[in-house]
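A structural model of the following input is requested.
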Amino acid sequence: MKRLTVCLITLCCCLISTSFAQNQWVKYWLPGEYHIELTEDDKVRFIELLELMNHNTKESSLRKGIESFTVEEWYNEYLQIADNQVECVFDDVGTYIWALGLPDENTIDKTMAFMIACKVLEEQESVDLSSLAYYYPDYTFLTSYKKPAWQVTLLDCSSDINPTGPNYSILIYEDGDVGGYRYGLFLG
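Predicted coordinates for the structure are as follows:
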């Protein structure tokens with residue numbers, strides 16, 4: 001009888017938690033569903049944007065915080081807390097447990113991930129990239145999805161006290177396919 005009661009309670013908890021599930025991404029694609037081809041003109045524009053972002057945010061305390069950890073250092077920190085990860089259920093990605101990893105030799109580099117992220121914002125949200133001049137990119141390498149992916153988060157560094165724009169987060173699978181994007185006032 002105890003087992004039946006425990007099973008019923010567990011089932012009720014699962015049903016309740018999934019009934020409140022939400023999407024993790026504004027738009028989400030499985031690997032291979034959304035691929036972007038960058039033109040040489042795109043690459044030039046996005047490198048120029050990255051240089052402008054680097055110049056405009058060099059005194060930002062948010063940027064200094066971002067730069068205080070490398071992808072490898074974040075991974076080592078993650079290893080210290082990996083046993084305490086919480087499982088979440090999302091409608092779009094299913095069961096999700098935040099997990100970091102390290103890119104390998106087959107993974108696109110951070111600069112390519114940044115350029116693809118910019119193209120996603122142009123194509124999906126018609127973002128005028130000149131509005132990102134005071135943003136700075138933060139990179140996380142996630143192994144939480146069907147394929148490992150860069151999460152490129154563009155953080156508004158226009159004001160250390162009260163940033164005015166939304167932050168953008170774009171998921172780029174290790175081979176350059178797009179996984180998803182979201183925006184809002186979140187950090188990271």
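
Pull the contacting residues for the residue at minimal distance from the centre of the chain.
What sits nearest the mean C-alpha location of the chain, by CA atoms, centre = their mean, is Gln151, with 3.0 Å. Neighbouring residues of Gln151 by CB atoms under 8 Å, 6 or more residues apart in numbering: Tyr139, Thr140, Phe141, Leu142, Ser169, Ile170, Leu171, Ile172. For every residue, glycine as well, the C-beta is placed using N, CA and C.

Could I get those in TSV, plus columns for pLDDT, secondary structure and distance to Trp29?
What follows is the contacts of Gln151, written out as TSV (pLDDT from 0 to 100; DSSP: H, G, I helix; E, B strand; the rest coil; distance: CB to CB, whole Å):
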residue	pLDDT	secondary structure	distance to Trp29
Tyr139	95	strand	20
Thr140	94	strand	19
Phe141	95	strand	19
Leu142	95	strand	15
Ser169	97	strand	15
Ile170	98	strand	11
Leu171	98	strand	9
Ile172	98	strand	11
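
any idea how far the helix or strand encompassing Leu50 is from the chain center?
If you go by DSSP states H and E, Leu50 is part of helix 40-56. Distance of helix 40-56 from its chain centroid, counting by CA atoms, centre = their mean, to the nearest Å, is 20 Å.

likewise stretch 114-126?
Remark: stretch 114-126 is offset 13 Å from the chain centroid, using CA atoms, centre = their mean.

can you list contacts of it?
By CB under 8 Å, 6+ apart, stretch 114-126 touches 27, 36, 38, 42-43, 45-47, 49-50, 108, 127, 129, 132, 137, 139, 152, 154, 168, 170, 172, 176, 178, 181, 183.

what does stretch 24-43 give?
So stretch 24-43 is contacted by 46, 88, 90, 92-93, 96, 115-116, 118-120, 123-124, 146-147, 171, 173, 175-183 (CB under 8 Å, 6+ apart).

Among the residues you listed, which ones are in strands?
Using DSSP state E, the subset of the contacts of stretch 24-43 located in strands is Cys88, Phe90, Tyr96, Leu171, Tyr173, Val178, Gly179, Gly180, Tyr181, Arg182, Tyr183.

which among those residues end up buried?
Cys88, Tyr96, Leu171, Tyr173, Val178, Gly179, Gly180, Tyr181, Arg182, Tyr183 (16 or more other CB atoms under 10 Å).

got the end-to-end distance for stretch 89-97?
For stretch 89-97, the first and last residues are 9 Å from each other (CA to CA, to the nearest Å).

Show me the beta-bridge partners of the residue nearest to Trp25 when sequence neighbours are not counted.
Excluding the flanking residues, the one nearest Trp25 by CB to CB, 6 or more residues apart in numbering is Gly180, at 3.2 Å. Beta bridges link Gly180 to Tyr28, Leu171 when assigned by DSSP bridges.

can you list the weak-confidence ranges in this structure?
Low-confidence segments of the chain, defined by pLDDT under 70: 1-21, 82-84, 161-162, 186-188.

No more questions from me, cheers.
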